[in-house]
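Colleague: Dropping the sequence and predicted coords here.
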Amino acid sequence: MNQPLIPSRQDRRREAEVIVAKADPDTCRALFYLFTGRPDSKTQIFARRIILTPNDVSILDRKIIEKLQNHDISEVITSIILRFKNRRIVDFGSIERYQEFDWHVPERLEQLTIKWDFLVKLPHYLAPQRHTLSVKVSPFLRPIDLMRAVFSSDPDELDSSQVENAVCTARVDFLNHILADELLNIVDTWNDSVRRHPKPGDWLNKLESYDEYFMRGFQYATCFTVFMACLAFYLRGTTDITSDSAALAGHIRFSTLWLAFASIIVFSVGRLGKQVGLWSQRLINRYGDSHVFECTNGDLQHVTEIATKNQRCGYYFIGSCLLAVALNLVASWIAVYIWP
């Protein structure tokens, strides 16, 4: 019997299975990597507290383009993404569009990402290979960006303070390790040349490492001086104790009342001292904030607000210290005055 001209669905499925079975997955993967390569990635953290202006981004782009011109590059695409505080996102497809942007806006800049996407001709690949460099600047980097940097860096060269204070990360996806290291070095040099916030030299900023001791010191010192004042009052009330049974009963009643009232007073003043200590601790931790960007009108306004807030935190901290000292002096004066 003659076979039909049009194969049935079962025959087509059988032929497809034969074709798939004859295609070795390892061979296909090797051919794919022969054309496209297998990129690696490296992320670097920069913990310097930089102050970024629009011109700084243009300078970095010029340095990167100059470096890429020394290699056999097919095409370079530069894109910049601005993320504002009100969740508005502006995406630029070129550095020229970015330079034409009107920065006189009231929004505050929250994150800036600049990305270079380019093709490099390498000797062992048939087609130009894609490389990507992205630099992200933000006062508060996302945990995923920090985790990438931690896992792609040498643990011996990365400390906890560097991760906590990071405001800038650079990530490069590459096949050419030499080019990747050169690009990261350019970003590092650029980051070092950008204007920075001055190092914390203020006395209040230096107390940040001892904020816990301040809180405990205010609490325990206040409790101790108030307890000494209560003890002085107790000793003064028991100086004329006789062996008379009525006097002894009165002494027991006085001691019981003293113990109850002293416990209440010491507990209450201790809570007050703890609150003063916690307040001082929060003021120490809030002092010294800074803003990374000075690009928009909103950024400049925020910088002024931060400076005012830091000054106010300093005044409030001095006030909390004076309040704690006043409580201790009053309790000490009472203890000395009524001590028998």
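Modeller: Right, received. Where do you want to start?
Colleague: Could you use CA atoms for every contact and neighbour count after this?
Modeller: Noted.
Colleague: Helix or strand: which one has D56?
Modeller: For D56, the element it lies in under DSSP states H and E is helix 54-68.
Colleague: The protein - how does it break down into domains?
Modeller: Following automatic domain parsing, one gets these domains for the chain: 38-193, 203-338.
Colleague: can you give me the mean pLDDT across the last one?
Modeller: Meaning domain 203-338. Averaging pLDDT along domain 203-338 gives 76.
Colleague: Renumber starting at 34 from here on
Modeller: Understood, numbering begins at 34; the last thing we discussed is domain 236-371.
Colleague: now it, how far from the centre of its chain.
Modeller: A distance of 31 Å separates the centroid of the chain from that of domain 236-371, by CA atoms, centre = their mean, to the nearest Å.
Colleague: Equivalent analysis for the first one, please.
Modeller: Distance of domain 71-226 from its chain centroid, counting by CA atoms, centre = their mean, is 18 Å.
Colleague: can you check stretch 218-234 too?
Modeller: 17 Å.
Colleague: Output the helix holding D89 as CSV, nothing but the C-alphas.
Modeller: This file holds the C-alpha atoms of helix 87-101, laid out as CSV (Å, rounded to 0.1, in the frame of the first residue of the first chain):
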residue,chain,number,x,y,z
PRO,A,87,25.6,65.9,37.9
ASN,A,88,29.1,66.8,36.5
ASP,A,89,30.7,63.9,38.4
VAL,A,90,28.7,61.4,36.4
SER,A,91,29.8,63.0,33.1
ILE,A,92,33.4,62.8,34.3
LEU,A,93,33.1,59.1,35.0
ASP,A,94,31.5,58.5,31.6
ARG,A,95,34.4,60.3,29.9
LYS,A,96,37.0,58.2,31.7
ILE,A,97,35.2,54.9,30.9
ILE,A,98,34.8,55.9,27.2
GLU,A,99,38.5,56.8,27.0
LYS,A,100,39.5,53.5,28.4
LEU,A,101,37.2,51.5,26.0
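Colleague: Okay, buried residues for it please.
Modeller: Residues D89, V90, L93, D94, I97, L101 are the ones in helix 87-101 that count as buried (16 or more other CA atoms under 10 Å).
Colleague: Let me see the contact set for the closest residue to the fourth one other than its chain neighbours.
Modeller: In space, not counting the residues next to it along the chain, D94 is nearest to I128; the distance is 7.8 Å by CA to CA, 6 or more residues apart in numbering. Listed by CA atoms under 8 Å, 6 or more residues apart in numbering, the contact set of I128 reads S91, D94, T111, S112, I113.
Colleague: W149: helix or strand, and which one exactly?
Modeller: strand 142-153.
Colleague: That strand pairs with which strands, parallel or anti?
Modeller: Sheet pairing of strand 142-153 (DSSP bridges) gives strand 106-117 (antiparallel), strand 162-170 (antiparallel).
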